[in-house]
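Colleague: this one's structure only:
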């Protein structure tokens, strides 16, 4: 799976949009970009994923650049409950390689 | 919303003792996983399980570890002889096998080895 690079930490004011960047310059054509988050010591929680088109769901939006070398997760109206570690993962399914590999992620702190 | 449930939430054990951590994956899911997270460190993959056998395992998953799906609903992780360094949060996850590889994780079991 391609390596991803994320900032170690970010702050965002409550009610504002939180934009979390991720670089994945070596991503291959069959690899999706997945975003998960981990609130405190809970289990990771799926947020969103995409291949090349921008995606939106009830939690967030995912913007992937045309060359697919980077992406941005957008939480449109951040709340205090969005304080968490956010993981960007590039993953392409192969039989015998079905695991997601978590990096160190971005620690997002929402400030009141 | 369907959940992955894990028990116990916290277990304290003496070094050298056997521990079994239990998980009930989402009922129609086909792939099952164990991950662990040592305090302050990354979430690390241990093992994946599909069609009643291990499909992939990491270097961490040595002979001290085993997994089992004894009855079609539970998925267990056994550590035969615990070491101090096995102290961690252990997360179970499952995936339906359809579409994108979206894993649903449980809340975790905290293992403390004394």
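Modeller: All right, it came through fine. Nothing here was measured: the structure is a model prediction, and the numbers come from that model.

Colleague: Every contact and neighbour count from this point should use C-alpha atoms.
Modeller: Fine.

Colleague: Now for residue B:16, how many residues are close by?
Modeller: Using other C-alpha atoms under 10 Å in any protein chain shown, residue B:16 is surrounded by 14 other residues.

Colleague: now residue B:66
Modeller: Using other C-alpha under 10 Å: residue B:66 sits among 15 other residues.

Colleague: repeat for residue B:19
Modeller: So residue B:19, with other C-alpha under 10 Å, has 19 neighbours.

Colleague: what sits against it?
Modeller: B:13, B:78, B:79, B:80, B:81, B:82 (C-alpha atoms under 8 Å, 6 or more residues apart in numbering or on different chains).

Colleague: need the contact list for residue A:8.
Modeller: Counting by C-alpha under 8 Å, 6+ apart, residue A:8 has contacts A:104, A:105, A:106, A:107.

Colleague: next one: the helix or strand of chain B with the lowest mean pLDDT to chain centre, how far?
Modeller: Scoring the helices and strands of chain B by mean pLDDT, DSSP states H and E places strand B:53-57 at the bottom, with a mean of 92. Relative to its chain's centre, strand B:53-57 lies at 13 Å (C-alpha atoms, centre = their mean, to the nearest Å).

Colleague: Would you enumerate the residues in contact with residue A:77?
Modeller: A:14, A:15, A:16, A:17, A:18.

Colleague: per-residue pLDDT, residue 99?
Modeller: Here I'm looking at chain A. For residue A:99, the pLDDT comes out at 83.

Colleague: wrong one, chain B
Modeller: Looking at residue B:99, its pLDDT reads 78.
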